[in-house]
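S.K.: Got a predicted model here, sequence first, then my questions.
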Amino acid sequence: MAAEYPKEVKVKDGGTVVLRPFERKDKDALYAFFRRLPEADRLFLKDDVTDPATVERWATELNYERIFPLLAWKGDEVVADATLHKNLGGWMKHVGTIRIVVAKGYQRHGLGSLLANELFLHALKSGLEKIVAEMMETQQGAKKVFEKLGFKQEAVFHGHVRDQIGVRHDLLILTKDLEDFWANIQTHEYFSYPTREMEG
């Protein structure tokens, strides 16, 4: 586990959650999180998270150098899942892809922004220069969240992806340059939230 975790952070309603990277022992709690998501939210996820074999595979193939998975916890329950996918070689080695899923009760509380910024900082430490977010055109709420974080839409691939029930959608590609994030890091929204590392 990364040295700075577990970390307790405060969300906008004044409550706190604990952030720490996904570990193999967390697989049942993560699966339960996905099962609690509304079906409408699960439709747009890349993987079939209703299949326990999917989460089992993630746990078995854990490699923080390739995929950095960060979970938000409230007590014994996972309330958000965020991942940074890195390219270990090739012409896109400097580019990472970010994915974030937040439980219904924690949306609009700033948790998605907190997780995104944790992943931005991890990306900077990993030498990445650019972050990509992918979503279907119907995910306008997610699009607004990423735009608030400074992402810009760069491309649309028409009819490029299918949701979990097979309906085709346009794929939106949004990107963010981490050099801009680094330049503005002291005044960034993330740093207005009190945080502290937990003991133990």
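M.R.: Great, that's in hand.
S.K.: Quick check: end-to-end length of stretch 144-164?
M.R.: 22 Å (Cα to Cα, to the nearest Å).
S.K.: Ignore what I typed, I meant stretch 63-82.
M.R.: With Cα to Cα applied, stretch 63-82 spans 15 Å between its terminal residues.
S.K.: Now it: buried residues?
M.R.: For stretch 63-82, the neighbour count (16 or more other Cβ atoms under 10 Å) marks 67-74, 78-82 as buried. For glycine as for every other residue, the C-beta is placed from the backbone atoms N, C-alpha and C.
S.K.: what about the longest helix anywhere in the chain, distance to the chain center?
M.R.: Of all the elements of type helix in the chain, the one with the most residues (DSSP state H) is helix 111-125. From the chain centre to the centre of helix 111-125 is a distance of 8 Å (Cα atoms, centre = their mean, to the nearest Å).
S.K.: going on from it, what's the next piece of helix or strand?
M.R.: For helix 111-125, the following helix or strand on the C-terminal side (DSSP states H and E) is strand 130-136.
S.K.: So which elements touch whichever helix or strand comes after that following strand?
M.R.: Downstream of strand 130-136, the next assigned helix or strand under DSSP H and E is helix 140-148. When contacts are defined as 3 or more Cβ pairs under 8 Å, 6 or more residues apart in numbering; DSSP states H and E, helix 140-148 packs onto helix 111-125, strand 130-136, strand 168-177.
S.K.: 10 Å instead, please
M.R.: The contact analysis (3 or more Cβ pairs under 10 Å, 6 or more residues apart in numbering; DSSP states H and E) places helix 140-148 against strand 95-102, helix 111-125, strand 130-136, strand 152-162, strand 168-177.
S.K.: Quick one: work out the angle between the third one and helix 140-148.
M.R.: Read that as strand 130-136. Angle, strand 130-136 to helix 140-148, by axes from the mean of the first three to the mean of the last three Cα atoms, to 10 degrees: 160 degrees.
S.K.: Next, the buried residues of strand 130-136.
M.R.: If you call a residue buried by 16+ other Cβ under 10 Å, then strand 130-136 has these buried ones: I131, V132, A133, E134, M135, M136.
S.K.: What is the least confident helix or strand in the chain?
M.R.: strand 195-197 (a mean of 39; mean pLDDT, DSSP states H and E).
S.K.: Neighbours of D13, how many?
M.R.: Counted by other Cβ atoms under 10 Å, the residues lying close to D13 total 11.
S.K.: With the one 5 residues further on instead?
M.R.: In terms of burial, V18 registers 16 neighbours under the definition other Cβ under 10 Å.
S.K.: again, but for G141
M.R.: 12.
S.K.: Likewise for L88?
M.R.: L88, neighbours per other Cβ under 10 Å, totals 8.
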